[in-house]
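Participant: Structure for the following, please:
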Amino acid sequence: MGKILLEGMEFFAYHGLYTREREEGQWFTLDLEVETDLTQPAETDSLNDSVDYVALYTLIQKEMKIPSALLEHLAKRILDTIRMNFPALVKIRLKVTKLNPPIEGKVAGVSIIMEV
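Facilitator: Down below sits the predicted model:
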């Protein structure tokens, strides 16, 4: 078994409960970790035997364009899309961080972590 990580993906998107968040948008960062058997691609050196991380990124990028009120909903959509497109994955872990959330006070970000 092995893991593939996409770390520090940055997206400007329109997720949030408040009208201002959905109209003005804000920055988000995402970290994805997928677990799968990497034995064959390690031997063959062929992308056909591995998980294409460019395809993973593209799926996430597409989902980030669809507004959600809650980070939990956004994360579930992303996880469901990855699971549907990559059924051989053993585990998928996603961290979504909203940078500069609408909180009275200094907070660098608010994150949720979900996994399937």
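
Participant: Which residues are in contact with the nearest residue to residue 36 once chain neighbours are set aside?
Facilitator: Excluding the flanking residues, the one nearest residue 36 by Cβ to Cβ, 6 or more residues apart in numbering is residue 89, at 5.2 Å. Just so you know, the C-beta spots here come from the backbone N, C-alpha and C atoms, and that holds for glycine as well. When contacts are counted by Cβ atoms under 8 Å, 6 or more residues apart in numbering, residue 89 touches 34, 35, 36, 51, 82, 83.

Participant: Likewise for residue 100?
Facilitator: 26, 27, 107, 108, 109.

Participant: mind checking the longest helix of this protein?
Facilitator: Using DSSP state H, we find that the single longest helix of the chain is helix 71-85.

Participant: Show me the helices in this structure, by range?
Facilitator: For the chain, the helices defined by DSSP H cover 19-24, 39-44, 53-64, 71-85.

Participant: so which of these gets nearest residue 94?
Facilitator: When those are compared by Cβ to Cβ, helix 71-85 sits nearest residue 94, at 5.3 Å.

Participant: What helices and strands are in contact with that closest one?
Facilitator: strand 26-36, helix 53-64, strand 91-99, strand 109-115 (3 or more Cβ pairs under 8 Å, 6 or more residues apart in numbering; DSSP states H and E).

Participant: So what's the model's average confidence on that helix?
Facilitator: Helix 71-85 comes out with an average pLDDT of 98.

Participant: Can you dump the C-alpha atoms of it in CSV for me?
Facilitator: Output of helix 71-85 as CSV, limited to C-alpha atoms (Å, rounded to 0.1, in the frame of the first residue of the first chain):
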residue,chain,number,x,y,z
LEU,A,71,-17.5,23.2,4.1
GLU,A,72,-18.8,19.8,5.1
HIS,A,73,-21.1,19.7,2.1
LEU,A,74,-18.3,20.8,-0.2
ALA,A,75,-15.9,18.1,1.2
LYS,A,76,-18.6,15.4,0.8
ARG,A,77,-19.2,16.3,-2.8
ILE,A,78,-15.5,16.1,-3.5
LEU,A,79,-15.0,12.8,-1.7
ASP,A,80,-18.1,11.3,-3.5
THR,A,81,-16.7,12.4,-6.9
ILE,A,82,-13.3,11.0,-6.2
ARG,A,83,-14.7,7.7,-4.9
MET,A,84,-16.9,7.4,-8.1
ASN,A,85,-14.0,8.1,-10.4
